[in-house]
Structure formats: structure tokens, C-alpha cells
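Undergrad: Predicted coordinates and the sequence they were generated for:
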Amino acid sequence: MRLFSQLKWYFLSEWRRYLGAVIFLVMIAILQLIPPHLVGIIVDGIHKKTMSSNQLLMWIGIMLIIALVIYGLRYVWRVWLFGASYRLAVKLRSDFYQRLSGQNPEFYLRHRTGDLIARATNDVDRVVFAAGEGVLTFVDSLVMGCAVLIVMGIESWQLTLLSLLPMPVMALVIKRYGQQLHDRFRIAQGAFSALNNHAQESLTSIRMIKAFGLEERQSSQFEEVATDAGRKNMRVARVDARFDPTIFIAIAIANVLAVGGGSWMVVNNSLTLGELTSFVMYLGLMIWPMLALAWMFNIVERGSAAYTRIQSLLQEPLVINDGSRSLSAGHGTLAANINTFIYPENNVPVLQSVCFQLLPGQLLGVCGPTGSGKSTLLALLQRQFDVTDGEIHFQSQAISELKMEEWRSRLAIVNQTPFLFSDTVAGNIALGRPDATQEQIEEVARLANVHDDILRLPQGYQTEVGERGVMLSGGQKQRISIARALLLDAEILILDDALSAVDGQTEHRIMRNLSQWRQKRTVIISAHRLSALVEADNVLVMQNGTISQRGKHKQLIAQSGWYSEMYHYQQLEAALEGQYDE
């Protein structure tokens, strides 16, 4: 029953639909009480031979009309009630998605994709089912049960009390089953999340699994997870299976008591045969409220466990809070003054004493050995995390105080691991600008030096790339991602090692195109291949989380240090590869 309290906010917002459905349920319950009474009249009339055939047909006709009215009312309340519950599904999934999209990467280190998908689908379905079917069974069983009890009491209060003797015991037993069901279903949903996550990871990495010949091993692991999920669901089923037998035993005992006590009352002329027939029929009407009560406990406890899992994520606070300040329309200077940055739940500084200033239209290069803090610096610029000590300013305003949507609208990012959706090539390029024309899409594709590659695909720009761009090479995916970023025409373009999968000649063409394209746009390039930084206005050399060198390309190769050593090494490597190719 906790779920009804947890969803009170939604019931209040949709009170018209729920109130209308409840009123119709009450009307249906009242109408259902009439036929048993009419049957009693018919039985007594036939038994005493006081009813004519016309009267009999009239009572039968009234019962048929009541049945038709009940049919119409049931249709209307179902539309209202289940329509409201489906709106709840939209609301929960929308809130869930918005909450997930506002979380930072640290959140996704703690929550796996399969688990999040399970909560957004299976758990939401359970809550919605409880908000629809659960409300139905609760109201219907309560109204119908109370109405039948009142009429039974009017017929014979002594026989009613006698028939209800098994019910308190049944109620206590069902309450205990409900608590067991809640606990076991919550555990079973956790097992389903693990199963879902295992399936998602296996399908995502299927090419690697095949390359390493791990099919049997992965199948065995999946079978273990599936068996564990099945075992925990069986524990739920064992509790679920106890509800109906308990109800039927209680109802059977009630019927025995009613027939036995009623027969004694008929023999002693305390009750007529027709009244006993009506009473037994009313007792038969109690079967549905009892079964509905058990069913309601079942689905509501499942829904409550699912809602608790959903709320545990919805109530998780956002690490990155939105600012309130707006940006002016013009270009701005980007200035970073990062004294220290430490990742959440970590005590080791990742960045220290990182300072630079980037004017509109300038190109900033960032390089350094693996693990030196390059990607962390770019993540801070995107405000995936907030600086621990220090600040990043744009247009002389701290980006932590800016509206997140406005700040990120000034950025276009190409990450080191490109991601393509299961869409056409044109659809992937136009992701940020769905209204872009074909000419605009082709223009940025030429800038990214991928236009000719696209034309060689079976359907050109309308070729489906498959899940995660499985139909394309790594270099093609990177260049399509670059074209997608260029189409946004953002003020600041960030390339996070976005040229690692292309050859040197293609890289040179892309950089030449970017130099012509950028004009007053600011570009930040993180790269391992230093030839991409030749035209940079300023290059930051990162080592151990701090800036060890800075300056232009020519200045840095003239200095002793990591940059000149790596540049000469890469030049020698390129020369040797050229000789080998010849």
C-alpha cells in the first residue's frame, strides 16, 4: 500500500480522471447488487407460484439492461483510468531521462547501462501497471466488498457474521505475503538489471568476443546470470502462488458456514429459500473482491519495489548545478586558472597549476604523454566536472555561473572515441542541426575530408551506418564526427584526439580546411600526433597533470624537452614508414 502514498502527487494531478473512474466503479458496484436480489424475487415467486410469465420476462429484461449499462460504464472507466496510468509512464520516463542527461560521468561509473535501461523500462512498467490495475482492484474490491457486506447484513446479519469468521485470518496471512513479495521482487529486479547489463555488454562487444574466441565462455557466464535471475524470480513466484489458494480456502469455509447456517435458518423459518439463494449469490460476489484484494497486494508491492528503485536514481543529487547567468551575443575570451582538480571520491590531484588564455579565433594545441591530464582539461572546459580549486572564465564570467545550456551551445566537441547512431550518414552529420540542407551537410563533409568516402558507400549519404557505425572504418567515423561538429557552427571547436585514426596526409588536409574555416572561431586540439599542432597559436605540453612547456610549435621544437623529443621521434618514424612503403 506504500505505492499509493508514493504516487499521491500524480493522483492529485490527474484527479479528474481517477475521480471519474472511481465514481463509475461505485455505480457499477451498486448495479451489480440488483441482479441477485431480483433472482431471489424470481425464486420466491416461482416457488410460491405467484409470478406470471410477463413479470418473469420483465425482471429478466431489467437484468439484461443492467448488464448493458455495466458494460458501457466499464468501457469508460477503463479509458479514463488506464489513460491516466499511461501518462504516468511518459512522465516517469521523461523525468528519468532528463535526470540521466544531467548527471556527470562519475555517475555512470557507479551505474551500469543495463541497470539504467532496466529501471527505465521494466520498473516503470511495473509502476504504471500498479497505478492502473492496482487502483482498479483496490477501489473495485473495496466498494464492491463493502456494498455486498451491507446488503448481506440487511438480508441476515447473523448469517453474515458467521460467514465472515475466516476473513480476519485470511487478511493477516495476505499482509504477510505482501511484505515477502515486496522484498523478494526488489531482489529479483536487481537480478534482472544484472541480466540486462550482461546482455547489453555482450552484444555491444560481440566483435571482440568473436575475435578472441570467447563465445563459449560468454555464453556460460550469461547462463549463470540468467539462472540466478530465474532462481530469484522463482522465489517471487512461490510467494505469488500462495495468494489464490489462501483466498479460495477462506471463501470455501465461508460458503460452508453460510450454507450450513442458512439451511438451519430455513428449517426454522428464520429465512426463506429465496433469501438464502440471494445470500449465497451475494457471497459469490465476494469472491472477486477477495481475489482482487490478493491481486492488488501482489501488483502494488511489485510496483512499490520498482518505484523505490526508480526514485533512488531520481533523488540522486546532480553534481553539476546549473548556473543563472546568460552570455552576450558576441565572441569571448576563454581563460582558465585551475589551481587544483581532484576527481570525486579521489584524493590525488589530477591537474595542478594549469593556466592559459585563448582569444577569439585562436588555435590552442594540447599534447603530452598518456595520462598527463589532457582529456581531463577538456572535460573541465565542457563542464562535465567543476574545478576543485580555481575557475574557468568566458566573457569574463565563471562558466560555473553560466546557464549550462547556453555555455554548451557555444561548444562543438569531437571526442577521441566517436559515437554514431543507427541512422544514415546524413542523419548522423545533421544530429545537432536536423534542419540542415543537403548542401550544408556536404559542405562540412568536404571540410572533414570524408565527402568522397561517403559517395563510395552503397547509398551515399543515405547509407545506414549500423549500430555505433559498425559499417564504417575508424577513420571514417572520426571524420563524420568532425563534420557533425562543424555543422553546428559553434564558437569553440574542441577536438579531443579526433585525428588519431586518420593517416598523415588526410590529417594535413583536414587541418588545412580547418584553418580556412575557423576565421573568428576558437579551436582547441588535443593530439598525440604533433604534426596536427604546427599551426597552433599556443601549445600546452601536459606532464603529470601540469603544464611543463608552452609556446608555438617552432619555439617548442627548439627547446629541449618532451615536445621536441616526441616531434623528432614522430618525424623519424614517418620517414622510416615512407622508405618501407617505397
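TA: Sure, I can see it. Numbers count the residues shown, from 1 in each chain.

Undergrad: Spatially, what comes nearest to the residue nearest the centre of the chain if we skip its sequence neighbours?
TA: What sits nearest the mean C-alpha location of the chain, by Cα atoms, centre = their mean, is Ala120, with 3.0 Å. Nearest non-adjacent residue to Ala120, counting by Cβ to Cβ, 6 or more residues apart in numbering: Phe96, 5.2 Å away. Bear in mind the C-beta positions are built from the backbone N, C-alpha and C, glycine included.

Undergrad: Gln559 versus the closest residue to Val26 other than its chain neighbours, what's the distance?
TA: In this structure, Val26 finds its nearest non-sequential neighbour in Val143, 5.2 Å apart by Cβ to Cβ, 6+ apart. Distance from Val143 to Gln559, counting by Cβ to Cβ, to the nearest Å: 86 Å.

Undergrad: Compare the two and say which is more crowded by neighbours.
TA: Legend: neighbour count by other Cβ atoms under 10 Å for Val143 and Gln559, higher for Val143 (19 against 12).

Undergrad: In contact with that one, which residues?
TA: Shown in contact with Val143 (Cβ atoms under 8 Å, 6 or more residues apart in numbering): 25-26, 29.

Undergrad: and which of those is nearest Pro434?
TA: Checking these against Pro434 by Cβ to Cβ gives Leu25 as the nearest, at 45.5 Å.

Undergrad: That closest one: neighbouring residues, count only.
TA: 22.

Undergrad: Assign it to helix, strand or coil.
TA: What DSSP: H, G, I helix; E, B strand; the rest coil gives for Leu25 is helix.

Undergrad: so what pLDDT did it get?
TA: Predicted confidence (pLDDT) at Leu25: the value is 78.

Undergrad: Next: Leu359.
TA: The per-residue pLDDT of Leu359 was computed as 90.

Undergrad: mind saving the C-alpha coords of the host helix or strand of the residue nearest to Val26 as CSV?
TA: Secondary structure from DSSP states H and E places Val143 in helix 135-155. Extracted as CSV, the C-alpha positions of helix 135-155 are listed here (Å, rounded to 0.1, in the frame of the first residue of the first chain):
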residue,chain,number,x,y,z
VAL,A,135,-6.1,1.3,-8.4
LEU,A,136,-8.8,-0.6,-10.2
THR,A,137,-8.6,-3.7,-8.0
PHE,A,138,-8.3,-1.6,-4.8
VAL,A,139,-11.3,0.6,-5.5
ASP,A,140,-13.3,-2.2,-7.0
SER,A,141,-12.7,-4.7,-4.2
LEU,A,142,-13.3,-2.0,-1.5
VAL,A,143,-16.5,-0.7,-3.0
MET,A,144,-17.9,-4.0,-4.1
GLY,A,145,-16.9,-5.7,-0.9
CYS,A,146,-18.4,-3.1,1.3
ALA,A,147,-21.6,-2.9,-0.7
VAL,A,148,-22.0,-6.7,-0.7
LEU,A,149,-21.4,-6.8,3.0
ILE,A,150,-24.0,-4.1,3.7
VAL,A,151,-26.6,-6.0,1.6
MET,A,152,-25.7,-9.3,3.2
GLY,A,153,-26.1,-7.7,6.6
ILE,A,154,-29.5,-6.4,5.6
GLU,A,155,-30.5,-9.9,4.4
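
Undergrad: buried sites along it?
TA: By neighbour count on 16 or more other Cβ atoms under 10 Å, the buried set for helix 135-155 is 135-145, 147-149, 151-152, 155.

Undergrad: Stretch 560-568 now?
TA: 562-564, 566-567.

Undergrad: what about the stretch 451-582 of the chain, any weak spots by pLDDT?
TA: By pLDDT under 70, the low-scoring segments of the stretch 451-582 of the chain are 468, 577-582.

Undergrad: contacting residues for Leu181?
TA: By Cβ under 8 Å, 6+ apart, the neighbours of Leu181 are 236, 239-240, 297-298, 301-302.

Undergrad: Helix or strand next in line after the helix holding Val143, which one?
TA: Counting by DSSP H and E, what follows helix 135-155 is helix 157-163.

Undergrad: Pull out the buried residues from that following helix.
TA: Buried-residue list, helix 157-163, by 16+ other Cβ under 10 Å: 159-160, 162-163.

Undergrad: other SSEs contacting it?
TA: Using 3 or more Cβ pairs under 8 Å, 6 or more residues apart in numbering; DSSP states H and E, the elements in contact with helix 157-163 are helix 135-155, helix 215-267.

Undergrad: same thing but 6 Å
TA: Counting contacts by 3 or more Cβ pairs under 6 Å, 6 or more residues apart in numbering; DSSP states H and E, helix 157-163 packs against helix 215-267.

Undergrad: sec struct for Ala412, please.
TA: Assignment for Ala412 (three-state DSSP): strand.

Undergrad: Surely it is in contact with Ala485?
TA: Yes: counting by Cβ atoms under 6 Å, Ala485 is a contact partner of Ala412 at 3.9 Å.

Undergrad: still on that earlier bit, and which of the contacts of Val143 is nearest Gly460?
TA: So of those, ranked by how close each gets to Gly460 (Cβ to Cβ), first place is Leu25, at 58.8 Å.

Undergrad: pLDDT below threshold where in the stretch 51-200 of the chain?
TA: In the stretch 51-200 of the chain (pLDDT under 70), no residue qualifies.

Undergrad: State the distance from Thr506 to Ala89.
TA: 47 Å.

Undergrad: Could you do Phe385 as well?
TA: 33 Å.

Undergrad: higher neighbour count, the two?
TA: Comparing Phe385 with Ala89 by other Cβ under 10 Å, the one with more neighbours is Phe385, at 19 against 16.

Undergrad: quick one: secondary structure of the more buried one?
TA: coil.

Undergrad: contacting residues for it?
TA: If you count contacts by Cβ atoms under 6 Å, 6 or more residues apart in numbering, Phe385 has none.

Undergrad: Looking at it now. What's its pLDDT?
TA: 85.

Undergrad: Torsion angles phi and psi at Gln459?
TA: Gln459 has phi and psi values of phi -110, psi 20 when expressed as degrees, to the nearest 10.

Undergrad: so how many other residues sit close to it?
TA: 11.

Undergrad: repeat for Ala237
TA: So Ala237, with other Cβ under 10 Å, has 12 neighbours.

Undergrad: before we move on, back to that, okay if I get the buried residues of helix 157-163 as CSV plus distance to Glu106?
TA: Listed next are these as CSV, based on distance: Cβ to Cβ, whole Å:
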residue, distance to Glu106
Leu159, 67
Thr160, 62
Leu162, 64
Ser163, 61
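
Undergrad: And the closest residue to Pro344 other than its chain neighbours, how close does it get to Gln200?
TA: In space, and not counting its chain neighbours, Pro344 is closest to Glu106: 4.8 Å by Cβ to Cβ, 6+ apart. Plainly put, Glu106 is 20 Å away from Gln200 if you go by Cβ to Cβ.
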